[in-house]
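# no letters, just coordinates:
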């Protein structure tokens with residue numbers, strides 16, 4: 001965890017030198033604890049590592065346009081906590097803004113920018129953004145408190161063109177979008193290294209021994225509980 005914090009600090013300092021715009025550059029390797037596909041085709045991939053004060057996210061999407069990501073308050077989009085980012089095709093600059101949904105066509109930018117851009121990259125087919133977001137912020141008007149003890153409803157979207165401030169035509173809410181319940185604070189389970197002193201034992205029955213069949217009761221795994229905030233209004237009826 002200390003290594004992750006150090007890498008994030010180095011990246012952050014390098015991106016903020018003299019207040020220059022963040023230019024696209026290959027991302028340094030950073031092992032993140034969890035990964036999930038937000039859509040069935042695997043075009044929107046989210047990786048993350050929960051930390052004490054914040055979460056490090058890395059999002060890779062099959063687009064060269066804008067990426068939308070956020071957290072839902074209820075079954076509707078109103079009041080949602082939204083992050084919009086991407087890589088400008090003309091300048092090569094990485095952009096990332098902290099916003100919230102209103103009744104306006106374009107999500108309103110927050111007065112307090114509480115997401116920290118750690119880097120971004122774009123090739124011919126994909127855009128990748130890495131950033132951190134605190135569990136709790138002081139922006140009660142634009143940001144949601146992320147629950148450490150329960151699932152969080154993540155919302156996602158992306159478009160074919162870059163986001164242009166003030167131009168609602170660059171954001172299409174009815175194309176590539178969705179939502180998914182995720183337990184962001186789940187622990188990272190690692191298989192311990194047993195070392196060279198550990199030996200494995202393989203048991204085999206004699207060839208002439210009668211075949212033994214062991215049966216187990218049929219078991220159907222229970223699906224993970226769905227966060228009610230992730231249900232659309234029509235799903236609640």
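Perfect, I can see it now. If you're wondering where the values come from, they're calculated on a predicted model, not measured in any experiment. Numbering: from 1, shown residues only.
# right, and residue 47 touches residue 32 too?
Yes. Counting by C-beta atoms under 8 Å, residue 47 touches residue 32, with 4.2 Å between them. In this view, the C-beta of every residue, glycine as well, is placed from N, C-alpha and C.
# give the residues shared as contacts by the two.
With contacts defined as C-beta atoms under 8 Å, 6 or more residues apart in numbering, the residues shared by residue 47 and residue 32 are residue 58.
# list the residues that contact residue 49.
Counting by C-beta under 8 Å, 6+ apart, residue 49 makes contact with 4, 32, 33, 34, 55, 56, 188.
# which among those count as buried?
By neighbour count, with 16 or more other C-beta atoms under 10 Å, those hold 4, 32, 33, 34, 55, 56 as buried.
# can you name the two of those residues that are farthest apart?
Greatest spacing in those, by C-beta to C-beta: 4 and 34 (12.9 Å).
# just say helix, strand or coil for residue 188.
At residue 188 the chain is in coil, as set by DSSP: H, G, I helix; E, B strand; the rest coil.
# for it, which non-adjacent residue is closest in space?
Using C-beta to C-beta, 6 or more residues apart in numbering and skipping the chain neighbours, the partner closest in space to residue 188 is residue 33 (3.8 Å).
# so what's the residue count around residue 156?
For residue 156, the count of nearby residues is 19 (other C-beta atoms under 10 Å).
# list the strands paired with the helix or strand that contains residue 154, with their directions.
Using DSSP states H and E, residue 154 maps to strand 152-158. Strand 152-158 pairs in its sheet with strand 67-71 (antiparallel), strand 176-182 (antiparallel), by DSSP bridges.
# just send those back as TSV, with mean pLDDT and distance to residue 156 too.
Output for the strands paired with strand 152-158, formatted as TSV (pLDDT from 0 to 100; distance: least, C-beta to C-beta, whole Å):
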stretch	mean pLDDT	distance to residue 156
strand 67-71	95	6
strand 176-182	91	6
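# so which of the ones you listed is the most packed in?
Stretch with highest mean neighbour count among the strands paired with strand 152-158: strand 67-71 (a mean of 24; mean count of other C-beta atoms under 10 Å).
# contacts for that strand?
46, 57, 59, 61, 80-86, 101, 127, 129, 144, 146, 152-159, 171, 177.
# give the contact list for residue 145.
135, 136, 137.
# in PyMOL, select just the buried ones from the residues you listed.
Typed into PyMOL, the line below selects the buried ones among those, using 16+ other C-beta under 10 Å:
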select buried, resi 135+137
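# wait, which of the contacts of residue 145 is closest to residue 66?
Using C-beta to C-beta, the contacts of residue 145 come closest to residue 66 at residue 137, 22.6 Å.
# the closest residue to residue 27 other than its chain neighbours: neighbour count?
Spatial nearest neighbour of residue 27, excluding adjacent residues (C-beta to C-beta, 6+ apart): residue 119 at 4.9 Å. Neighbourhood size, residue 119 [other C-beta under 10 Å]: 24.
# bridging residues for residue 119?
Note on residue 119: beta-bridge partners by DSSP bridges are residue 130.
# ditto for residue 59
Taking DSSP bridges as the rule, residue 59 bridges to residue 46, residue 129.
# how about the nearest residue to residue 39 once chain neighbours are set aside, what does it touch?
The shortest distance from residue 39 to any non-neighbouring residue, by C-beta to C-beta, 6+ apart, is to residue 178 (6.0 Å). Applying C-beta under 8 Å, 6+ apart to residue 178 gives the contacts 38, 39, 44, 155, 156, 157.
# cool, thanks, signing off.
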